[in-house]
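Visitor: Predicted model follows, preceded by the sequence.
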4 protein chains.
Amino acid sequence: MRIGVLTAGGDCPGLNAVIRSVVHRAVAGHGDEVIGFEDGFKGLLDGRHRKLDLDAVAGILARGGTILGSSRLERARLREACETSKDHARDYGIDVLIPIGGEGTLTAARMLSDAGLPIVGVPKTIDNDISATDRTFGFDTAVGVATEAMDRLKTTAESHQRVMVVEVMGRHAGWIALESGMAGGAHGICLPERPFEIDGLVKMVEERFSRGKKFAVICVAEGAHPAEGTMDYKKGEIDQYGHERFTGIGNRLAAELERRLGKEARPVILGHVQRGGTPTAYDRVLATRFGWHAVEAAHRGDFGMMTALRGTDIEMVPIAEAVTELKTVPVARMDEAESVF
Amino acid sequence: MRIGVLTAGGDCPGLNAVIRSVVHRAVAGHGDEVIGFEDGFKGLLDGRHRKLDLDAVAGILARGGTILGSSRLERARLREACETSKDHARDYGIDVLIPIGGEGTLTAARMLSDAGLPIVGVPKTIDNDISATDRTFGFDTAVGVATEAMDRLKTTAESHQRVMVVEVMGRHAGWIALESGMAGGAHGICLPERPFEIDGLVKMVEERFSRGKKFAVICVAEGAHPAEGTMDYKKGEIDQYGHERFTGIGNRLAAELERRLGKEARPVILGHVQRGGTPTAYDRVLATRFGWHAVEAAHRGDFGMMTALRGTDIEMVPIAEAVTELKTVPVARMDEAESVF
Amino acid sequence: MRIGVLTAGGDCPGLNAVIRSVVHRAVAGHGDEVIGFEDGFKGLLDGRHRKLDLDAVAGILARGGTILGSSRLERARLREACETSKDHARDYGIDVLIPIGGEGTLTAARMLSDAGLPIVGVPKTIDNDISATDRTFGFDTAVGVATEAMDRLKTTAESHQRVMVVEVMGRHAGWIALESGMAGGAHGICLPERPFEIDGLVKMVEERFSRGKKFAVICVAEGAHPAEGTMDYKKGEIDQYGHERFTGIGNRLAAELERRLGKEARPVILGHVQRGGTPTAYDRVLATRFGWHAVEAAHRGDFGMMTALRGTDIEMVPIAEAVTELKTVPVARMDEAESVF
Amino acid sequence: MRIGVLTAGGDCPGLNAVIRSVVHRAVAGHGDEVIGFEDGFKGLLDGRHRKLDLDAVAGILARGGTILGSSRLERARLREACETSKDHARDYGIDVLIPIGGEGTLTAARMLSDAGLPIVGVPKTIDNDISATDRTFGFDTAVGVATEAMDRLKTTAESHQRVMVVEVMGRHAGWIALESGMAGGAHGICLPERPFEIDGLVKMVEERFSRGKKFAVICVAEGAHPAEGTMDYKKGEIDQYGHERFTGIGNRLAAELERRLGKEARPVILGHVQRGGTPTAYDRVLATRFGWHAVEAAHRGDFGMMTALRGTDIEMVPIAEAVTELKTVPVARMDEAESVF
């Protein structure tokens, strides 16, 4: 069997572990041939590809990034790209294509599948917001990085009687904020799923100070926003110089808290460190299992499906199921987190 | 409500996170009182206990060990201890006892529950071998420590053309060896669940050397053992000086491989570093959720039950279910791991 | 002997290690009494202090922050504070005061010393910019945090063909940028000591891309600035809405590089994570030695002096020597760093 | 100029950083050609070498091990090897050889130098026991790994009222034990430089327990040994089965303490994890500077010299100076460490 593999979308720790696992299982386990396309669908469109044998994936398990490179596909070009991809995949004699990517990539994958190309998908996002799988690889690493940052910041906040606002990734779903906030012992967690009340945060901090705990750490997802009418904030507003007026909710929230509390509040925007670098053991295992099961699915002819973690098992689910709805943080999980503030 | 809490058995990262979560949820969420017994069941038997309020659990989320101390209960004293414990729990006005512990502790908990004491258990083991829960806290940290060690050892093995044998914890179940072996990219994994063939390992290493990959890392669970008749090894055998003749499978296996291969093989016994220190974010979140749900179960009167992770949910399951059978590594998981050697 | 100790200025990993070492050496070694003043000189002025015995410093060696709290002293109040401090120190029966702090604190310490108060200083700054000592504790930790961030960012930059601009601490001296840039393998390093040429950075990135290395990481100290007339940047400029127009050199430089290169450039502002959390082993050892030698100096009557690392030895140097001149990065060190871009 | 480079002796984090720095400085800075010999002097003797250009060293800065491989040279073959090496170096047109290695390698280097081969040495040892340099790269990483292990073990020791004996590397010099013991807050440190008194250790532990601190961590260098006549221990003694009777001082000491104290004592032998894996930022900077200065020395014709850290400077010192005497831990440093037990 001739298997094509590509990685698309934003960076995510564990991509190389999937590639390695696909190659190991396919080449060593089944005697397949594996072709890697460079820079995501771009490489498929432009015909940039290379053979991936065991040597090509030696030593990459623990390495961040992706040896294949990645790119984001513009939605507008999706349909056209789909046709070309299908043709090229056939030209290169690809029996099955394994795209590793997020919601956008899986949408493209589904179109390719509908168009008749044999596809087995592997879901990827540090945001953990893909339905149909309990977890995605990369998420655990992102949460780990954010948690370690909060561990560090807490000691400074405490020594200097300060409020720290830590902005973590998560535009549409607050999983990273939820879990790193819980793990880092944040005293407030703001998620995109539920507009936050600035008054409530102010009150919480004041109560802490009045109890002698003279510091607070607030974990805020980049996609979090204040409840209507409670605080001046409109992401993306441009001033007359062409600069963004508010450069992110973390900065804005820290400034607002400092103003209202009359105490030092400092923002820390973690940014890209959350999505790079060596994956945690958890993510390496999950990524490796996804790769293994994707190859097995390919050999069974389970096309139009993607790998998913369900409990402790890896199962195959229709790609369609994964991309219809974003997996957001349910209220029950927020309740658990709030109780430990 | 007056809640008693204790930690028993071997050390496990996340114990403090459970204690903190129980106190937060019970005291801040329900207005309960929480009493901590010291050194496990011993403290309950001897009447050593202290009140746990919010201040008592400040700053312990990320700390390894347990602020309550721990001890192992001898099986022989179990029934007697059970009676005394029940009496003492009543003397101290305990409405419900939350023991946090492994298989032994949960067995005791079950007996206490059968004897009429309201119990809500929280399972604990770095070995991940408790049935009825997908995972236990502490396991992720142990796997992380072992994986990082293998990451380090690999570079030395490669530079010095050497075989490294890494012994990890796991007497009866090989979960740590399985997952750290996969995450650390071990070329061989030996589990208690399946006697290993020394010939197979020798062959694997020789093949690697013949392919120009002049090193190998083998991950072996402390409870792994060679297939009958294939290698001289009997754990616990004492020589005439009163010393153990073979001081562990890691040392023994390295010596045997060195002898058979005629190449340098070095053992590394990771030991207790796997079960101490700050827990990973994953373990902190799981431990925190276990604590929260234990308190909720106590308030619902869900006695004789313990917390369990099922998929992404925390559910309550009968303690009995957890202790009847050890959760060992299934063959399917071994197959996944072997494919990536 | 009755020793007073206080920590002042910004947070710095290792403060607790100094406090612990002072207490261990003074109490256990000499039978002294140690008094800790809270929140820096403020505690000395307000009379907030507590006794520090061996139990008070148990378990703090590896903890970030300072158990004594800290604060910054306004320069304007310095002389007045000096008088009050001196009186209070005498009221409390302090035989010697050991202030642990940066340039501001040491200046105050010198004034106190000149005014007749027996002082033994311990220098502290993550910036490593205090003359008269080879290194200060906290610096190694800051460099380690920044280096790990660059390790992570590099993989993303490489996979996504991107330029990453990492802003690290260092307003007046570029030591953190220099050493983390070298350790993190940055392709460009911008220091406060030498205005950078934006054209040179653009050219370097373009050359890398033309050689097929399609990414670059640039490490910039927060106090770095472009050479006159080369790039629009004036830190602290406020727009009509009262917002800072450029929110830091990292953001500004990334925007400018993106504009000039026509390639994605992303800023990451590490901020306070660099100065919090558990110190590295190096910083713990240095801080511990500083504490030990400060107590010895106190017993010898070496007043007006501070601890300093010289080669592998801890020596006592006049505080005056340390505060007259900022230790900046010499040209020779920049040359070493540039050669490995 | 044509520069040969090789790495010899045991593994040491930072070797790749030196190689990279040599290549960067020589190739990019001076237009030199660099030849790497494989597996230490073996590669020089056997003629196994390869060209090292900028691409060959891309991405290796943070990687453990050595891309050139290493080997130990038998002392017996030294003189013969020396002659052959000299001839081969000339055959390959090597203008200067940069051997990176420990005491054995530097001794060989000195002989080669005396025989007329232009040599610039780079000292390497995780043990930090080479005279003439304040520090060697690799040492900081080793100390960091050992310290982190002690951080982890302490929590377990405390929760379980246990004595932990941690054996770290250091056969002839106790630097790793000294600094990791200080940084890890060990309550006892045993060095090769000073035979330890088992009675003293027993007394220290008992005093701790009597003060309510019911645990202790003891850090012991592998080369430490008991004072004459105080404890049964003779490293390397073989029993009648051909097994080593005592498998290391760590195991032996734990057993003896358990016997004498009547309390649980557990040994942890850290082993090879200390000398592999990614180097700390400190070691990367030092290694990079050594590489840079070695190339500069080569161009200046400073032969027979090696790089050395003196304070904050890199200086060139005669290789002879470095190998005449082992740098052991002075009494003053032991005193500092003991005061904080």
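Guide: Everything's here; your move.
Visitor: Tell me who's in contact with the closest residue to residue A:274 other than its chain neighbours.
Guide: Sequence neighbours aside, residue A:142 is the residue nearest to residue A:274 in space, at 4.3 Å (criterion: C-beta to C-beta, 6 or more residues apart in numbering or on different chains). (Each C-beta comes from the backbone N, C-alpha and C, glycine too.) Going by C-beta atoms under 8 Å, 6 or more residues apart in numbering or on different chains, residue A:142 touches A:13, A:126, A:168-169, A:176, A:180, A:274-275.
Visitor: Let's see the pLDDT reported for residue A:245.
Guide: With respect to pLDDT, residue A:245 has a value of 53.
Visitor: Give the residue farthest from the middle of chain A.
Guide: residue A:210 (38.0 Å; C-alpha atoms, centre = their mean).
Visitor: Would you confirm that residue A:16 belongs to a strand?
Guide: No: going by DSSP: H, G, I helix; E, B strand; the rest coil, the assignment for residue A:16 is helix, not a strand.
Visitor: Excluding chain neighbours, what is closest to it?
Guide: Spatial nearest neighbour of residue A:16, chain neighbours left out: residue A:60 (4.1 Å); criterion: C-beta to C-beta, 6+ apart.
Visitor: Three-state assignment for the one you found, please.
Guide: coil.
Visitor: For the stretch 1-150 of chain A, which segments count as strands?
Guide: A:2-7, A:33-37, A:49-51, A:96-101, A:120-123 (DSSP state E, counting those that start in this stretch).
Visitor: ranking those by burial, who's on top?
Guide: Among the strands of the stretch 1-150 of chain A, ranked by average contacts under mean count of other C-beta atoms under 10 Å in any protein chain shown, first place goes to strand A:120-123 (a mean of 30).
Visitor: re earlier: I'd like the strands of the stretch 1-150 of chain A laid out as a markdown table, including mean pLDDT.
Guide: As requested, the strands of the stretch 1-150 of chain A are exported to a markdown table (pLDDT from 0 to 100):
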| stretch | mean pLDDT |
| --- | --- |
| strand A:2-7 | 97 |
| strand A:33-37 | 97 |
| strand A:49-51 | 96 |
| strand A:96-101 | 97 |
| strand A:120-123 | 98 |
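Visitor: which regions of chain A sit below the pLDDT cut-off?
Guide: Where chain A drops to pLDDT under 70, the residues are A:235-247, A:340-341.
Visitor: So what does the residue nearest to residue A:16 look like in phi/psi?
Guide: phi -100, psi -10 (degrees, to the nearest 10).
Visitor: so which of the contacts of residue A:142 comes closest to chain D?
Guide: If you rank these by distance to chain D using C-beta to the nearest C-beta, residue A:13 comes first, at 15.5 Å.
Visitor: my guess is that closest one contacts residue A:286, does it?
Guide: No: assessed by C-beta atoms under 8 Å, residue A:13 is found out of contact with residue A:286, at 10.7 Å.
Visitor: Helices of the stretch 1-150 of chain A, residue ranges please.
Guide: Using DSSP state H, counting those that start in this stretch, the helices found in the stretch 1-150 of chain A span residues A:15-23, A:30, A:41-46, A:78-91, A:103-114, A:139-160.
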